[in-house]
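1. Sequence and predicted structure below; questions after.
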Amino acid sequence: MVKIVRSTIIDAPTDQVWEVLRDFNGHDSWHPAVAESAIERGNSSDKVGCVRRFTLQDGSELREQLLTMSDLEQCFSYCLLDTPVPLFNYVAHVRLIPVTDGNRTFWSWECTFTTRKGEDAEMEKLVSEQIYDAGFEAVRAHMERAA
């Protein structure tokens with residue numbers, strides 16, 4: 001099993017960062033890999049159990065399901081249902097914590113998954129860099145534009 005733990009500091013208050021991240025269907029407005037996204041069956045994007053179907057810039061389609069959502073703790077979890085890459089049993093957790101020095105946000109994004117034998121390093125790099133690190137930078141830029 002592969003475990004990835006990534007984190008960053010965003011120079012904005014947690015309430016502002018949470019407003020962006022808590023919309024489980026909003027990642028197409030900030031993540032550079034996501035072209036478009038929709039919640040299936042007309043559910044609300046903050047309803048636990050809702051499924052987002054989204055298309056990446058390369059045309060690949062994925063489906064993810066919201067497992068938990070807490071406004072109080074500013075965190076959510078989700079799992080991958082369908083993907084064109086060999087990520088199996090993928091479950092991710094996102095959590096924001098206030099950094100009182102400068103009114104900033106500590107953002108933790110972590111996951112576990114399995115993959116085909118011999119592809120651990122490749123899939124770890126893909127998720128770490130193209131999803132998590134790219135997402136951190138995109139939200140950072142999004143928050144700077146909003147300020």
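-> That came through, no problem.

2. When you work out contacts or count neighbours from here on, use the C-alpha atoms and nothing else.
-> Will do.

3. So for stretch 118-130, what gets flagged as buried?
-> For stretch 118-130, a neighbour-count test (16 or more other CA atoms under 10 Å) marks D120, M123, E124, V127, S128 as buried.

4. Give me the subset of those residues that lies in helices.
-> Taking DSSP state H, the ones among the buried residues of stretch 118-130 that sit in helices are D120, M123, E124.

5. now the second one: how far from M69?
-> I take that to be M123. Distance check for M123 against M69: by CA to CA, to the nearest Å, it reads 26 Å.

6. Quick check: next helix or strand after the helix or strand where S37 lies?
-> In this structure, S37 sits in strand 34-39 according to DSSP states H and E. Per DSSP H and E, the first helix or strand lying C-terminal to strand 34-39 is strand 51-56.

7. Pull up the pairing partners for that next one, direction included.
-> strand 34-39 (antiparallel), strand 61-70 (antiparallel) (DSSP bridges).

8. could you dump that strand to CSV, C-alpha only?
-> Taking Å, rounded to 0.1, in the frame of the first residue of the first chain, the C-alpha atoms of strand 51-56 are listed here in CSV:
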residue,chain,number,x,y,z
VAL,A,51,-20.3,11.5,-6.7
ARG,A,52,-18.5,13.9,-8.9
ARG,A,53,-17.8,12.9,-12.5
PHE,A,54,-15.0,15.0,-14.0
THR,A,55,-12.9,15.3,-17.1
LEU,A,56,-9.2,16.1,-17.1
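
9. quick one: contacts of it?
-> With contact meaning CA atoms under 8 Å, 6 or more residues apart in numbering, strand 51-56 is reached by 24-25, 33-40, 45, 61-66.

10. mind running it again at 6 Å?
-> Strand 51-56 has contacts (CA atoms under 6 Å, 6 or more residues apart in numbering) with 33-40, 61-65.

11. and what of stretch 92-103?
-> Against stretch 92-103 from outside (CA under 6 Å, 6+ apart): 13-14, 74-78, 105-111.

12. May I see the PyMOL selection of the buried members of those residues?
-> Buried members of these, defined by 16+ other CA under 10 Å, are picked up in PyMOL with:
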select buried, resi 13+14+74+75+76+77+78+105+106+107+108+109+110+111
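
13. For the contacts of stretch 92-103, give me TSV that also has secondary structure and distance to A147.
-> Formatted as TSV, these follow (DSSP: H, G, I helix; E, B strand; the rest coil; distance: CA to CA, whole Å):
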residue	secondary structure	distance to A147
P13	coil	11
T14	helix	14
Q74	coil	21
C75	strand	23
F76	strand	25
S77	strand	28
Y78	strand	29
T105	strand	15
F106	strand	18
W107	strand	18
S108	strand	22
W109	strand	23
E110	strand	27
C111	strand	30
